[in-house]
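Chemist: I'd like to go over a predicted model; first the sequence, then the structure.
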Amino acid sequence: MEKELRLMKGNEAVAEAAIRSGADAYFGYPITPQSEVLEHLMLEKPHERTGMVVLQAESEVSAINMVYGAAGCGRMVMTSSSSPGISLKQEGISYIAGAELPCLILNVVRGGPGLGTIQPAQSDYFQSTKGGGHGDYRLIVLAPASVQEMYDFVELGFNLAFKYRNPVMIQSDGIIGQMMEKLEIGPQKQRRSAEEIAKQCPWATVGKPENRERNIITSLDLVSARQEQHNHKLQAKYKEIQEKEVRYELINCDDAEYIIVSYGSSARLSMKAMDILRAKGVKVGILRLITLFPYPTKIIQELTPKVKGFLAVEMSCGQMVEDLRLAVEFKKPVEHFGRVGGMVPSPEEIVEALEQKIIGG
Amino acid sequence: MAEITLKDIIKEENLVYKRSKIMTNKTLSYCPGCGHGTAHQIIAHTIQDMGIQEQTIGVSPVGCSVLMYDFLDLDIQQAAHGRAPAVATAIKRLMPDKFVFTYQGDGDLAAIGTAETIHACNRGENITIVFINNGIYGMTGGQMAPTTLAGMPTSTSPYGRDTSMMGNPLKITELLAMLPGTYYVTRQAVHTPRAVRQTKKAIRKAFENQKLNRGVSFVEIVSNCNSGWKLPPVKANEWMVENMFPFYPLGDMKVDGELVNK
Ligand SMILES: Cc1ncc(C[n+]2csc(CCOP(=O)(O)OP(=O)(O)O)c2C)c(N)n1
Ligand code: SF4
Ligand SMILES: [Mg+2]
């Protein structure tokens, strides 16, 4: 098959990927910097292209509950938003996690807290990786660093969501969402037929035939002993995800004395910083996180004895760095550098941070 | 005196309702005399009569009827508090050939879920909404609801609802009837055999309407909450007739997309 190349914004790439991966539905509500997802979907008439349902809801609360309804029917469904809207979705995400429904949620992160700013940030790491809503649950969190990954992670996200019957979040940021890059897009996949869905998702509420028990989608169980069991089952699933689904990229780590741990657009900026430092003779490598949950603790533990220190680079006041510290277990210095409030670090600032906080420190 | 024939006996008012096959064997969790059980039975009979068990998906609310999925032998989704209309919207949009209904209390539908209710109705989603208005939060122990009558005591309005401080009871059904997206809007009750028969007709119509794809069919059932109202069942029904019905008058508000002039 010949490659199809396009020039697209990250947000548009997500929309196109949703259509092409055979998604059944998208429900969303406008918010900067991710409105292009719904805009592109509406422009592309997916109801004509594939029969995909696309609906602008009255709020993020409504949109995530539409996602619940569609996912409960075994459908491939997604929503997207940016930080304040993702906060509103948290109740629904908790229900989805509790009811073990598959779905995809895109967060194109902007600076907070509160209304914050419309400029890019990575300050929703805690919210994405530690649960976000009420109760003990986890999302699988993917962190794209390019428009190509925005596209690719849609299908990957859906696959993981159905494999584990768990909500998957793509945690992007305003830079990746808004920037245009060349990307390769895949062929149009057929949406699954009703029969295929019923077979793949025997738990789905699609109408109860005589010959099977009724299907119930719920997160409620008032019998404490059973609710505890359900929690243990969820935790076993998250453990399996931690064992099997860690994804990361090692860049120049073989001879590295210092390692920058970063993800998303911060990782892109860190690459430039690495080049500057390498030109000066400083042996720097990058561990780029692709999954934020599960966190790549094992590879960090393998790298720890070989290096002199780690610098976490993220557009937050220090969130991901906490997981890095837990992995390094205080065996080597771990420092943090970030710009916040919509400010983006320059490669030179990252260079300076590494020189002052780790090498000089 | 003329002889009484079988034909004379087989009249609607002499019919004793059998348990519907759509009802499971689970003991209802409702207080004795509560209207929720009767409303469930009516829905079950309707689905059985129409033969649409395999095509029906229900959405249960948060409220006393949260466990509706234990009692109705149907595929059911349990929605977050107030969000049933959003959940039902997605189910119906993805499976337009199925019958989709929500079942919601007044706190669920007319307080926390007001936005979801109004917008699902305004979009004209082709679903059925059954709304149990008992003027109180039954499940959480009898707190004030959006529909609590002026002066009515509840646990959070212990001296009666003071409308100057606590706002006015909300006639959400009247409001919804005004929206172009509703096709059938009616207010019924389940406290007498006659009322049950009326409600059964209304629920049947509300389900049949889904075949027409003309928008929301909305059936409010003014019901009792003996526990929340702190009245024995018979007294509660009398109180309902005397106090609830004057403010929430029974009858059709909109039929076949046309407002009913009264
Ligand atoms: C987000 C959220 N807020 C509050 C509650 C607590 N709660 C449970 S049921 C209920 C009120 C239900 O009243 P209504 O909808 O009138 O149903 P009824 O029990 O009267 O049938 C409330 C406030 C909840 N479960 N979730
Ligand atoms: S508390 Fe009220 S609404 Fe709930 S079951 Fe009892 S009587 Fe019915
Ligand atoms: Mg109530």
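Modeler: Everything's here; your move. This one's a predicted model, so the numbers in the text were calculated from it and none came from an experiment. Numbering: from 1, shown residues only, chains lettered A, B, ... in the order given. Ligands and ions are numbered 1, 2, ... in the order given.
Chemist: Please give the element, helix or strand, for the closest residue to B:Ala120 other than its chain neighbours.
Modeler: Spatial nearest neighbour of B:Ala120, excluding adjacent residues (CB to CB, 6 or more residues apart in numbering or on different chains): B:Pro85 at 3.5 Å. (C-beta placed from N, C-alpha, C; glycine too.) In the assignment (DSSP states H and E), B:Pro85 maps to helix B:84-94.
Chemist: The helix or strand just after that helix close to ligand 2?
Modeler: Going down the chain from helix B:84-94, the next helix or strand is strand B:99-105, by DSSP H and E. No - residues of strand B:99-105 contacting ligand 2 under CB under 6 Å from any ligand atom: none, with a closest distance of 7.4 Å.
Chemist: now the angle from strand B:99-105 to helix B:84-94?
Modeler: Orientation check (axes from the mean of the first three to the mean of the last three CA atoms, to 10 degrees): strand B:99-105 against helix B:84-94 gives 180 degrees.
Chemist: Could you give me the buried positions within stretch A:195-203?
Modeler: Of all the residues in stretch A:195-203, those buried under the rule 16 or more other CB atoms under 10 Å in any protein chain shown are A:197-198, A:201, A:203.
Chemist: How far does it sit from its chain's centre?
Modeler: Relative to its chain's centre, stretch A:195-203 lies at 26 Å (CA atoms, centre = their mean, to the nearest Å).
Chemist: Is any residue of that stretch near chain B?
Modeler: No - using CB under 8 Å from any CB of the partner chain, stretch A:195-203 never reaches chain B; the gap is at least 9.6 Å.
Chemist: how about stretch B:140-152 against ligand 1, any contact?
Modeler: Yes - Stretch B:140-152 comes into contact with ligand 1 (CB under 6 Å from any ligand atom), by way of B:140, B:145.
Chemist: rounded to a whole number, what's the mean pLDDT of that stretch?
Modeler: The predicted model gives stretch B:140-152 an average pLDDT of 98.
Chemist: List the buried residues of that stretch.
Modeler: Quick answer for stretch B:140-152 (16+ other CB under 10 Å): B:142-149, B:152.
Chemist: so can I have a markdown table of those residues showing secondary structure and distance to A:Gly22?
Modeler: Formatted as a markdown table, those follow (DSSP: H, G, I helix; E, B strand; the rest coil; distance: CB to CB, whole Å):
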| residue | secondary structure | distance to A:Gly22 |
| --- | --- | --- |
| B:Gly142 | coil | 49 |
| B:Gln143 | strand | 46 |
| B:Met144 | strand | 48 |
| B:Ala145 | coil | 44 |
| B:Pro146 | coil | 42 |
| B:Thr147 | coil | 44 |
| B:Thr148 | coil | 48 |
| B:Leu149 | coil | 52 |
| B:Met152 | coil | 53 |
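Chemist: just the helices in chain A please.
Modeler: Using DSSP state H, the helices of chain A run over A:10-20, A:36-44, A:46-49, A:60-72, A:83-98, A:125-129, A:147-164, A:174-178, A:194-200, A:224-244, A:264-279, A:297-303, A:320-328, A:347-353.
Chemist: mind saving the C-alpha coords of stretch A:99-110 as CSV?
Modeler: Coordinates of each C-alpha in stretch A:99-110 appear next as CSV, following Å, rounded to 0.1, in the frame of the first residue of the first chain:
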residue,chain,number,x,y,z
ALA,A,99,-17.8,-0.1,35.2
GLU,A,100,-14.8,-1.2,33.2
LEU,A,101,-15.7,0.3,29.9
PRO,A,102,-13.3,0.9,27.0
CYS,A,103,-13.0,4.5,25.7
LEU,A,104,-10.5,7.1,24.5
ILE,A,105,-10.1,10.5,26.1
LEU,A,106,-7.8,13.2,24.6
ASN,A,107,-6.5,16.0,26.9
VAL,A,108,-4.7,18.8,25.1
VAL,A,109,-3.3,20.3,28.2
ARG,A,110,-3.3,24.0,28.9
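Chemist: mean confidence score for it?
Modeler: Per-residue scores along stretch A:99-110 average to 98.
Chemist: Check the burial of A:Gly10 by counting its neighbours.
Modeler: By other CB atoms under 10 Å in any protein chain shown, 31 other residues sit near A:Gly10.
Chemist: repeat for A:Glu348
Modeler: 11.
Chemist: what's the answer for the one 3 residues further on, then?
Modeler: Other residues near A:Val351 number 20, with proximity taken as other CB under 10 Å.
Chemist: Please look at it and A:Ile276 and confirm they touch.
Modeler: Yes - A:Val351 is within contact range of A:Ile276, at 5.1 Å (criterion: CB atoms under 8 Å).
Chemist: which residues sit in contact with the residue nearest to B:Ala120?
Modeler: B:Pro85 is in contact with B:102, B:104, B:109, B:113, B:116-117, B:119-121, B:125, B:127, B:129, counting by CB atoms under 8 Å, 6 or more residues apart in numbering or on different chains.
Chemist: Give the rounded mean pLDDT of the helix holding B:Pro85.
Modeler: pLDDT averaged over helix B:84-94 gives 98.
Chemist: Determine how far it lies from the middle of the whole chain.
Modeler: With CA atoms, centre = their mean, you get 18 Å for helix B:84-94.
Chemist: Would you mind getting the angle between it and helix A:60-72?
Modeler: 50 degrees.
Chemist: mind listing the helices for chain B?
Modeler: B:6-9, B:35-50, B:68-71, B:84-94, B:106-107, B:114-123, B:163-166, B:172-177, B:193-208, B:226-229, B:233-239, B:245-247.
Chemist: from these, which stretch is densest packed?
Modeler: Neighbour counts (mean count of other CB atoms under 10 Å in any protein chain shown) averaged over each of the helices of chain B peak at helix B:84-94, with a mean of 29.
Chemist: Can I get that helix as CSV, trimmed to CA atoms?
Modeler: Taking C-alpha atoms only, helix B:84-94 is exported to CSV below (Å, rounded to 0.1, in the frame of the first residue of the first chain):
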residue,chain,number,x,y,z
ALA,B,84,-29.3,9.4,32.1
PRO,B,85,-30.5,11.5,29.2
ALA,B,86,-26.9,11.9,27.9
VAL,B,87,-26.3,8.2,28.3
ALA,B,88,-29.5,7.4,26.5
THR,B,89,-28.7,9.9,23.8
ALA,B,90,-25.6,8.0,22.9
ILE,B,91,-27.2,4.5,23.1
LYS,B,92,-30.0,5.6,20.8
ARG,B,93,-27.8,7.4,18.3
LEU,B,94,-25.6,4.3,18.0
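Chemist: Establish whether it and ligand 1 are in contact.
Modeler: No - Helix B:84-94 lies out of reach of ligand 1 by CB under 6 Å from any ligand atom, never closer than 10.2 Å.
Chemist: returning to what we had before: would you quantify the distance from the residue nearest to B:Ala120 to ligand 2?
Modeler: 20 Å (CB to the nearest ligand atom, to the nearest Å).
Chemist: For ligand 3, what's the nearest residue on the stretch 1-150 of chain B?
Modeler: Using CB to the ion, B:Gly105 is the residue of the stretch 1-150 of chain B that sits closest to ligand 3, at 3.8 Å.
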